[in-house]
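Peer 1: The sequence and its predicted three-dimensional model are supplied below.
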Amino acid sequence: MEAAEKLPAHLKYVAYRLGPPQSVTPQQNHKDLGRELTYEDIVYSVLENGWPKTDAQLILYLDLMFEGAWAKKVRQAAELPLGAVIDPRVMRFNSSYKAFDDSRVMSPLCVARSRQLQSRRDMPGALNELRTVLAISRLLESKASSFGFHVGRGTERTALAAWPSWLEGAGRDVPVLRAALRSLLQHQAAKPNSAEALKSEYLAINNTLAMPESFNRYSRTELEAAALIELRKAPWEQERERRLINLVFQAQFQLLDEPFWDSSNSMVHRPIHGPAADWTDEKWNRIGRQSALVWDLIPVTTYHMRRGKATSQRDLSATILLTALALYQAENSRPAARLEDISPRYLKAIPDDPVTGKPFQYRISAGEEIEGFPLPSGQSLTRQQLAKGQGVLWSEAPDAPFDPALAAQRICYYAVPVWNDGKRKK
């Protein structure tokens, strides 16, 4: 308790809670919050801007937080086999559960802790924190409906966004770089099957439709909700609804393994083969609109699960390539001349970009400025000055007229770190 007395009074309760403090939306402009910054705000600032040169209270805060029981439980959870955080049989569409909400606070804290340990030159300890976040992301994705699925993807993205900074701090330490590459490959191999998430979403949709209040939430007016409730009392309407749900999910299961860049299938929910495969788009949409509640619940959700899977695979593949390139550079005291130089010594094969279906691009910079979206996905448009002779990994997003937000992301890149810290560590 003596250490806690050093904290400001309004922060003392935070360090001794069973869990982390309540989250503050990272996109909020702190100047507009109408209050003093909390340590939660500052944690997000660490993620965005790196570890501050001096902040004794932040150091004390994180040290106290990670002495707590919750941090030990997080590490224990990271070692568990994949299961279900929430029983899919009780899930409802787009429901928010405390376990998922808490993880949104936990992962930034762990990444901030990683940066703190990195500032102390404890690179293995910093790597362990990132590895913990990746493990938790797998648990959150496993057998989760769309809400948990996207929380898991976001948790993974938080760790991957911190990876370039960690690589820069690791320098030419070959053993720790090898451990990092090994951790990423193990994470990739252990990720849950996306089909399990789609099965959970199927259960969540059916559970939602079985609840009377669903008709108020997903209807435009009280009259429409009342009409839907009365219509669903008819046995033939219940059977039609059941068949439509089954057709929609049949299509989505068929699309799971289809290339994401095949835009002809990206927003069409008609089955590729089997019942209704020969329907026209006009007929498919007309029948869907006749079951407005079903049509409002399903279409965008399942597409965004496919998109989330593809962008997550791209982010992870790019991070693996970046780490292998950094390891090559540390061992050979020069950047790889070509992407193929890292295979098969560091990677068995060079993966293609799962979003575009095209190979990742790589070049040695002439010292130019690059503009694009840093990987992993979701970061803001950035200009970065590259050093002459610095390696840069990049990819182009596909032309996707059905999704203007994705089409606008023309260049996504990772810059291989440049070290000026002497010889490599063997």
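Peer 2: Done, it's in.

Peer 1: same for the helix or strand containing residue 242, what does it pack against?
Peer 2: Assessed by DSSP states H and E, residue 242 sits inside helix 235-255. Here helix 235-255 touches helix 194-209, helix 281-290, helix 292-297, helix 299-332, going by 3 or more C-beta pairs under 8 Å, 6 or more residues apart in numbering; DSSP states H and E. In this view, the C-beta of every residue, glycine as well, is placed from N, C-alpha and C.

Peer 1: right, and the ones you listed - which one's nearest residue 61?
Peer 2: helix 299-332 (28.5 Å; C-beta to C-beta).

Peer 1: in the closest one, what's buried?
Peer 2: Under the neighbour-count criterion of 16 or more other C-beta atoms under 10 Å, helix 299-332 has 299, 301-303, 305-331 buried.

Peer 1: for the chain, what spans make up the strands?
Peer 2: For the chain, the strands defined by DSSP state E cover 361-366, 369-374, 382-385, 388-396, 411-415.

Peer 1: Which neighbouring elements make contact with the second one?
Peer 2: If I follow you right, that is strand 369-374. strand 382-385, strand 388-396, strand 411-415.

Peer 1: Neighbours of the closest residue to residue 187 other than its chain neighbours, how many?
Peer 2: Spatial nearest neighbour of residue 187, excluding adjacent residues (C-beta to C-beta, 6 or more residues apart in numbering): residue 134 at 4.7 Å. By other C-beta atoms under 10 Å, 24 other residues sit near residue 134.

Peer 1: which residues does residue 134 contact?
Peer 2: Shown in contact with residue 134 (C-beta atoms under 8 Å, 6 or more residues apart in numbering): 156, 159, 183, 187.

Peer 1: What is the neighbour count of the first one?
Peer 2: The local packing count at residue 156 equals 26, with neighbours defined by other C-beta under 10 Å.

Peer 1: How about the contacts made by it?
Peer 2: Residue 156 neighbours (C-beta under 8 Å, 6+ apart): 133, 134, 137, 141, 312, 315, 316.

Peer 1: And it, how far from residue 224?
Peer 2: 39 Å (C-beta to C-beta, to the nearest Å).

Peer 1: hmm, back to that, could you dump the contacts of residue 134 into TSV with distance to residue 335 added?
Peer 2: Listed next are the contacts of residue 134 as TSV, based on distance: C-beta to C-beta, whole Å:
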residue	distance to residue 335
156	27
159	25
183	22
187	25
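
Peer 1: And those residues, which two are furthest apart?
Peer 2: Once C-beta to C-beta is applied, those give 156 and 183 as the farthest pair, at 12.7 Å.

Peer 1: TSV for the helices and strands packed on strand 369-374, including distance to residue 243 and mean neighbour count?
Peer 2: Below are these laid out as TSV (distance: least, C-beta to C-beta, whole Å; neighbours: other C-beta atoms under 10 Å):
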stretch	distance to residue 243	mean neighbour count
strand 382-385	48	11
strand 388-396	41	19
strand 411-415	41	21
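
Peer 1: okay if I get these as JSON lines plus mean pLDDT?
Peer 2: Putting these into JSON lines (pLDDT from 0 to 100) gives the following:
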{"stretch": "strand 382-385", "mean pLDDT": "78"}
{"stretch": "strand 388-396", "mean pLDDT": "86"}
{"stretch": "strand 411-415", "mean pLDDT": "80"}
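
Peer 1: Indicate which one of those is closest to residue 47.
Peer 2: strand 382-385 (15.1 Å).

Peer 1: Not counting its neighbours along the chain, what's nearest residue 66?
Peer 2: residue 113 (5.7 Å).

Peer 1: and the one you found, what is it in contact with?
Peer 2: The contact partners of residue 113, taken as C-beta under 8 Å, 6+ apart, are 62, 65, 66, 129.

Peer 1: Quick check: of those residues, which lies closest to residue 392?
Peer 2: Nearest to residue 392 among the contacts of residue 113, with distances taken as C-beta to C-beta, is residue 129, at 26.9 Å.

Peer 1: Skip the chain neighbours and tell me the closest residue to that closest one.
Peer 2: residue 114 (3.7 Å).

Peer 1: any idea how far that neighbour lies from residue 396?
Peer 2: Where residue 396 is concerned, residue 114 sits at a distance of 31 Å (C-beta to C-beta).

Peer 1: My guess is residue 160 contacts residue 314. True?
Peer 2: No. Using C-beta atoms under 8 Å, residue 160 is not in contact with residue 314, being 10.5 Å away.

Peer 1: What are the structural domain limits within this structure?
Peer 2: Following the assignment in automatic domain parsing, the chain carries domains at 1-161, 197-297.

Peer 1: Give me whichever of those domains is most buried.
Peer 2: domain 1-161 (a mean of 17; mean count of other C-beta atoms under 10 Å).

Peer 1: gap between that one and the chain center?
Peer 2: 14 Å (C-alpha atoms, centre = their mean, to the nearest Å).

Peer 1: still on that earlier bit, which residues touch the residue nearest to residue 129?
Peer 2: 125, 126, 127, 129, 130, 162, 166.

Peer 1: wait, what's in contact with the first one?
Peer 2: Residues in contact with residue 125, defined by C-beta under 8 Å, 6+ apart, are 114, 117.

Peer 1: cool, and the third one?
Peer 2: Residue 127 sits next to 114, 166, 176, 179, 180, 183 when contact means C-beta under 8 Å, 6+ apart.

Peer 1: Over to the fourth one?
Peer 2: Remark: with contacts taken as C-beta under 8 Å, 6+ apart, residue 129 is in contact with 110, 111, 113, 114, 117.

Peer 1: can the residues you listed go into a markdown table with extra columns for distance to residue 194 and pLDDT?
Peer 2: Listed next are those as a markdown table, based on distance: C-beta to C-beta, whole Å; pLDDT from 0 to 100:
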| residue | distance to residue 194 | pLDDT |
| --- | --- | --- |
| 110 | 24 | 90 |
| 111 | 24 | 91 |
| 113 | 30 | 90 |
| 114 | 27 | 93 |
| 117 | 33 | 92 |
